[in-house]
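In: I need the structure of the sequence given here:
(chains A and B)
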Protein chains: 2
Amino acid sequence: MGNGNICVMKAILISTGDELTCGRTVDTNSAWLAGKLLAAGIQTVSHQTVGDDAAEIASSIRAATERAKIVLVSGGLGPTPDDLTREALADVLGAKLVLDEECLARLEEFFRRRGRQMVSSNKIQAMIPEGASPIDNEIGTAPGLMARFGESLVICMPGPPAEMHAMFESSVIDLLPASQSAVAVKVLRVFGLGESNLSATLRDILTDRQGNVIVSTTVSGGLISVTITATGDSASSASALADRMAVELTRRLGPVIIGTGDETPASVVAKLLVSRRETLSLAESCTGGMVGAMITSLSGASGYFLGSAVCYANTAKRDILGVPQEMLDDCGAVSEPVAREMARCARDRFGSDWAISLTGVAGPDGGTSDKPVGLVFIGLVGANTNKVFRHVFGSSREQVRLRAAMTALNHLRVALLEGDSITV
Amino acid sequence: MGNGNICVMKAILISTGDELTCGRTVDTNSAWLAGKLLAAGIQTVSHQTVGDDAAEIASSIRAATERAKIVLVSGGLGPTPDDLTREALADVLGAKLVLDEECLARLEEFFRRRGRQMVSSNKIQAMIPEGASPIDNEIGTAPGLMARFGESLVICMPGPPAEMHAMFESSVIDLLPASQSAVAVKVLRVFGLGESNLSATLRDILTDRQGNVIVSTTVSGGLISVTITATGDSASSASALADRMAVELTRRLGPVIIGTGDETPASVVAKLLVSRRETLSLAESCTGGMVGAMITSLSGASGYFLGSAVCYANTAKRDILGVPQEMLDDCGAVSEPVAREMARCARDRFGSDWAISLTGVAGPDGGTSDKPVGLVFIGLVGANTNKVFRHVFGSSREQVRLRAAMTALNHLRVALLEGDSITV
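Out: The predicted structure follows:
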């Protein structure tokens, strides 16, 4: 992260665990922590993952304190013999582990409240390196640890994400030194534009890595996040810088921006349907229920979502939805007329204002030269809308399905916005 | 990883990118690579993530070569000004970047084949540090780089996972030195047992971290992976060690083991339905289509899956499935009779051999003292089966839905196995 003339405090993150180094588990703690630190005006310069080895953990902590004022360690505070972060921190501090009576009392209380017997191995979790302080764990047994080493603050947290998140939010955030600079992060969400096209449109902005405003892009399932990170000497100046850049990006990108923050086609559609007091139903084939699952992942979906007829078999398209057998025979299930009829039938059966249908070839098998893998027809029917969109999505079965599901919701989003602008 | 007396070759992985250090993107490359290396008998001792900073990347590479014979770098080979791995490697080697004519020709050919104009900034990707060799990239523009530094092999690959995976599988795996030891990895999948209960059952095995066989557990959505990693001086001895441990684990855990490798309740159900030539339909409420999406994520689902009536609204339960309005009024949608009726209706409407239904309170709102958040009824109906299971799942909306979906498939798995044992 370039940061002009403003001095930003630096952090290094260390994750411990053989399950991480061996690749059985993906480390999501570091990305989560880096995001939280950035919002607190602290820049993460490196993440490190080391195995369950006290000497390795200790040498990583030592090396990190030479390069960063803040070192956050996660993992290795549990009660089992492969939990070695306590020992490693004691080694770094040149201190021995001593029993902390207050921690022990809290640990015993934790088990008592849950009606469980505390086994003796749990007692190790009340051992604290001399010179370090415990950090309360509200949802698990392992207290965190805080110590100063040289000019750095070293904080150790449990590895399970839920415990780590809770400890960070309730305690650790308040232990961090106040940053002399402020960072504002703003995310624009773009759908329906390739990352390379976006890159060409924003080339001059994306290549400027030295100023106080850095713009980066990442993509997931066709949804691009354009992240603006602005550094300033106050929260308001950082925020103003970020806002100015957001205006410029919006000017260049226009309607492909679907929202900000963590908005998705599903969440934007939800907002629009609620505000219009309209309802939605679905008829899904190749996505198998994925669009319904996306919509209902949002709490409050019962306010606008009636249901989905997942008709994977042709008999189900006929018996559940009412698509004529003749149409299925003549046109094939993956066809424009069947997509249109599926949406029409769903709207009719569920009695919704809007209906979306999806029928396609998800692959990897079943493609023909006429109807290749990735071909998906998306039907969209409303009171004054009756459309079918034809797409060919690339890549794997999961990617075809995911892109199809998100694209279907995006077509509805556009239709709802067009409808809005007509009624205004 | 403990590894007794057997010497295992060590690797360090370096991922580069501001989007990783800042936490906008989770690094999945390291876990993927570590798994591939382990299967090749190479132990990953550390992952490191550094930003788009040539000096940082160079010093990470240098430090890594002091500790490991193999250093794999991913990211930073693209054409934009923040792609700095080439410069970093040149710095490490004390060499300058020179244009590789063969790489340039290949790059030009890449663009020609796709009918695109090669912009001049792409030419940087054909620049190679003197003393390094390029590695062909079959699906992207950035060639990889290979160099020796001291006693270590340093290999740089592109960051986008698809390109990195392809380059690793097609070229890098053959460039790695043959390991003098062999590693066998075997995974058992456990569902329906808490991780702490599992931990208690396997305590002695899980705490032995020094032998040639290490057993670890990770959990995701209630599905526990018990991973056996065995090291031996030959593939067959490692494999025999792993198999012996698998037998012992199976003896202790018994029927909660649902499968091996990456099997899930959905994939096991798929296998059983195919072998019995039976079909399945669903009636989903709280899961909104998630069970259908899980089933259809597997290619070949059309062989046994007919569809799902996602009936989120009560009117849909009545109109699409045929659940009597009176029953909905009297018992409420989240009730044992409605779950039973939903499954019966789905089996009838879709004409399937089996049907599963789910109705519950996913939360976070909508819970009562009678029907708390997390309460889910799962109905299961077959030719000779008519059951309703009552569960209360904890945690967040997404966790309730995910656990409910996996549990529903697991109930069907058990029923299919019981059926099998009766017919034998």
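In: Identify all contacting residues around stretch A:44-51.
Out: Residues external to stretch A:44-51 that are found in contact with it (Cβ atoms under 8 Å, 6 or more residues apart in numbering or on different chains): A:10-18, A:20-22, A:27, A:30, A:33-34, A:37-38, A:56-57, A:60, A:64, A:67-68, B:1, B:20-23, B:27, B:30, B:45-51, B:56, B:60. Yep, even glycine has a C-beta here, placed from its N, CA and C like the rest.
In: what does stretch A:381-391 give?
Out: A:336, A:339-340, A:343-344, A:346-347, A:353-355, A:357, A:360, A:375-380, A:403-404, A:407, A:411, A:415, A:419.
In: re the thing from before, if any of the contacts of stretch A:44-51 are buried, put those into a PyMOL selection.
Out: A single PyMOL command is used to select the members of these judged buried by 16 or more other Cβ atoms under 10 Å in any protein chain shown:
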select buried, (chain A and resi 10+11+12+13+14+15+16+17+18+20+21+22+27+30+33+34+37+38+56+57+60+64+68) or (chain B and resi 1+20+21+22+23+27+30+45+46+47+48+49+50+51+56+60)
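In: Mind checking which of the contacts of stretch A:44-51 are in helices?
Out: A:18, A:20-21, A:30, A:33-34, A:37-38, A:56-57, A:60, A:64, A:67, B:20-21, B:30, B:56, B:60 (DSSP state H).
In: Tell me who's in contact with A:Met167.
Out: By Cβ under 8 Å, 6+ apart, A:Met167 lies in contact with A:Ile135, A:Asp136, A:Asn137, A:Glu138, A:Gly144, A:Met157, A:Pro158.
In: one more time with 6 Å
Out: Contact analysis of A:Met167 by Cβ atoms under 6 Å, 6 or more residues apart in numbering or on different chains lists A:Asn137, A:Gly144, A:Met157.
In: If you count neighbours, what's buried in whichever strand or helix holds it?
Out: Secondary structure assignment for A:Met167, by DSSP states H and E: helix A:161-167. With burial defined by 16+ other Cβ under 10 Å, the residues of helix A:161-167 counted as buried are A:Glu163, A:Met164, A:His165, A:Ala166, A:Met167.
In: Distance from it to the middle of the chain?
Out: 16 Å (Cα atoms, centre = their mean, to the nearest Å).
In: so where's the stretch 301-424 of chain A uncertain?
Out: A:395, A:419-424 (pLDDT under 70).
In: Any figure for the gap between the nearest residue to A:Arg244 once chain neighbours are set aside and chain B?
Out: Excluding the flanking residues, the one nearest A:Arg244 by Cβ to Cβ, 6 or more residues apart in numbering or on different chains is A:Val213, at 7.9 Å. Distance of A:Val213 to chain B, computed by Cβ to the nearest Cβ, to the nearest Å: 13 Å.
In: Show me where the stretch 101-250 of chain A has its strands.
Out: A:127-129, A:133-135, A:144-149, A:152-157, A:182-191, A:213-220, A:223-232 (DSSP state E, counting those that start in this stretch).
In: what pairs with the first one, and is each one parallel or antiparallel?
Out: On the basis of DSSP bridges, the sheet neighbours of strand A:127-129 come out as strand A:97-99 (antiparallel).
In: Can you give me the buried ones in the strand it pairs with?
Out: A:Leu97.
In: now that strand: mean pLDDT?
Out: Averaged across strand A:97-99, pLDDT comes to 95.
In: Wait, a strand at A:Glu326?
Out: No: using DSSP: H, G, I helix; E, B strand; the rest coil, the assignment for A:Glu326 is helix, not a strand.
In: shaky segments in the stretch 151-300 of chain A?
Out: For the stretch 151-300 of chain A, the stretches flagged by pLDDT under 70 are A:195-196, A:209, A:221.
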